[in-house]
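Asker: Following is a predicted model, sequence given first.
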Amino acid sequence: MKKNIAIAMGGYSTEAEISLKSGEVVYKHLPKDKYQVYRTHLLKKGWFLVDDAGKEHPIDRSDFTANLNGEKIHFDAVFNTIHGTPGEDGLLQAYLNILGIPQTTCNYYQAALTFNKRDCISVLKPHGIPTAQNYFVNKGDDIQTEEIIQKVGLPCFVKANRAGSSFGISKVKKKEDLLTAIEFSFQEDDEVLIESFLDGIEVSVGVINFKNEVLALPVTQIISENEFFDYDAKYLGKSQEITPAQISDEQTKEVQELAKKVFQVLKLKGFTRSEFIFHNHKAHFLEVNTCPGLTEASLLPQQAKAAGISLENLFDEAIVEVLKD
């Protein structure tokens, strides 16, 4: 009998539209001969099972079931494609854990930790993983402009601490622009991370559980047409993404090993994508995404393709992995 698989997509953040696209790609490629696959939209307006005609059927949040054509649908597993809250910050993971329904991303604590860039960096630093110089600001703090610049220098990056897809991020070149950039980040989150500018080659490395091993995928080199790898560069084609990256074999090995170390130190699982910059010839960690984009334009599918892994095989293995637990 086929297992019922819910593809969770949408979410409550500015990344909801991207998540819906990721979910549709998974729906398209997850093998229908093995699984009964359902779209589930988890949105601010409500949670719904969406049938092939586009009709919404409410999901009962007490047990994560839905009624479809007179039948109550129970799900054997959830393929989580929600970027941002509640699918990437641990809320959905904790909810499904209580219900005993397995899901494809990391566990709730790891999700909350990695979604918080500040806390994630703080955990990784003692393990010898290089990062930028950083400074943290909470909404309501007295902003010490001179102190910030003394710590991180100029130019610097100002980021919303808990946001994805490069929302709420600015590159600041002049002291007088710092407060404006911080206020811009506060539109996304009440915590802000300010980092020193790392000048060098930017790369992205997917690390996944695949066929009973932790596998680092081919490295992608990112060359943005904009000041940095922002939303337009990621999703509107204003960047070059070169897979495999045009870096040396030694650099490739270094950054893949670092990405695997991040995966293992933080006890992650499923699909992840870590970002690094080679600054002064050394890979520096920026962040790790535990629910990365899965659209055809997204980096992790590009890397899987370069590794000879089809989307059908990639997504199938994710379900195989969680169903065996």
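Answerer: Thanks, I have the structure now.

Asker: contacting residues around the lengthiest helix in the chain?
Answerer: Under DSSP state H, the helix in the chain containing the largest number of residues is helix 249-265. The contact list for helix 249-265 (C-beta atoms under 8 Å, 6 or more residues apart in numbering) reads 123-124, 127, 129, 203, 205-207, 214, 216, 219, 244-245, 247, 268, 272, 274, 276, 278, 283, 285, 288. Heads up, the C-betas are built off the backbone N, CA and C, glycines and all.

Asker: so who does the residue nearest the centre of the chain touch?
Answerer: Nearest to the geometric centre of the chain sits Asn289, at 3.0 Å (C-alpha atoms, centre = their mean). Residues near Asn289 by C-beta under 8 Å, 6+ apart: His83, Glu88, Thr114, Gly164, Thr272, Arg273, Ser274, Glu275.

Asker: Can you read off the backbone torsions of the spatially closest residue to Val123 that is not a sequence neighbour?
Answerer: Computed as C-beta to C-beta, 6 or more residues apart in numbering, the closest residue to Val123 that is not its neighbour in sequence is Leu113, at 6.6 Å. The phi/psi pair for Leu113 (degrees, to the nearest 10) reads phi -70, psi -50.

Asker: pLDDT of the helix or strand harbouring Glu147, averaged?
Answerer: Counting by DSSP states H and E, the element that carries Glu147 is helix 145-152. What helix 145-152 shows for mean pLDDT is 95.

Asker: again with stretch 110-121
Answerer: In the prediction, stretch 110-121 has an average pLDDT of 94.

Asker: What is the end-to-end distance of that stretch?
Answerer: 13 Å (C-alpha to C-alpha, to the nearest Å).

Asker: quick check, distance from it to the centre of its chain.
Answerer: Its chain's average C-alpha position is 11 Å from that of stretch 110-121, according to C-alpha atoms, centre = their mean, to the nearest Å.

Asker: Please shift the residue numbers so they start at 803 in all later answers.
Answerer: With the count now opening at 803, the last piece we talked about shows up as stretch 912-923.

Asker: Go ahead and name everything in contact with that stretch.
Answerer: Stretch 912-923 has contacts (C-beta under 8 Å, 6+ apart) with 890-892, 895, 907-908, 925, 933, 936, 938, 961, 963-964, 993, 995, 1068-1070, 1087, 1089-1093.

Asker: quick one, domains of the protein?
Answerer: Annotated domains of the chain cover 805-907, 914-932+1001-1125, 936-998 [automatic domain parsing].

Asker: returning to what we had before: any chance of the contacts of Asn1091 in JSON lines, plus neighbour count, secondary structure and distance to Lys804?
Answerer: Converted to JSON lines, the contacts of Asn1091 look like this (neighbours: other C-beta atoms under 10 Å; DSSP: H, G, I helix; E, B strand; the rest coil; distance: C-beta to C-beta, whole Å):
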{"residue": "His885", "neighbour count": "28", "secondary structure": "coil", "distance to Lys804": "28"}
{"residue": "Glu890", "neighbour count": "29", "secondary structure": "coil", "distance to Lys804": "28"}
{"residue": "Thr916", "neighbour count": "26", "secondary structure": "helix", "distance to Lys804": "32"}
{"residue": "Gly966", "neighbour count": "27", "secondary structure": "coil", "distance to Lys804": "32"}
{"residue": "Thr1074", "neighbour count": "27", "secondary structure": "strand", "distance to Lys804": "28"}
{"residue": "Arg1075", "neighbour count": "23", "secondary structure": "strand", "distance to Lys804": "30"}
{"residue": "Ser1076", "neighbour count": "29", "secondary structure": "strand", "distance to Lys804": "34"}
{"residue": "Glu1077", "neighbour count": "19", "secondary structure": "strand", "distance to Lys804": "37"}
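
Asker: what's the lowest-pLDDT member of the residues you listed?
Answerer: Gly966 (54).

Asker: where's Phe999 relative to Gly955, distance?
Answerer: Phe999 sits 7 Å away from Gly955, going by C-beta to C-beta, to the nearest Å.

Asker: scratch that, Phe1117 is what I was asking about
Answerer: Phe1117 is 43 Å from Gly955, where distance means C-beta to C-beta.

Asker: Pick out whichever of the two has more residues nearby.
Answerer: Phe1117 (29 against 11; other C-beta atoms under 10 Å).

Asker: Can you tell me the closest non-neighbouring residue to the more buried one?
Answerer: With C-beta to C-beta, 6+ apart as the criterion, Phe1117 has its nearest non-adjacent residue at 4.8 Å, and that residue is Leu832.

Asker: Going along the chain, name the strands of the stretch 1003-1127 of the chain.
Answerer: In the stretch 1003-1127 of the chain, the strands defined using DSSP state E, counting those that start in this stretch lie at 1015-1018, 1022-1026, 1041-1044, 1073-1081, 1084-1091.
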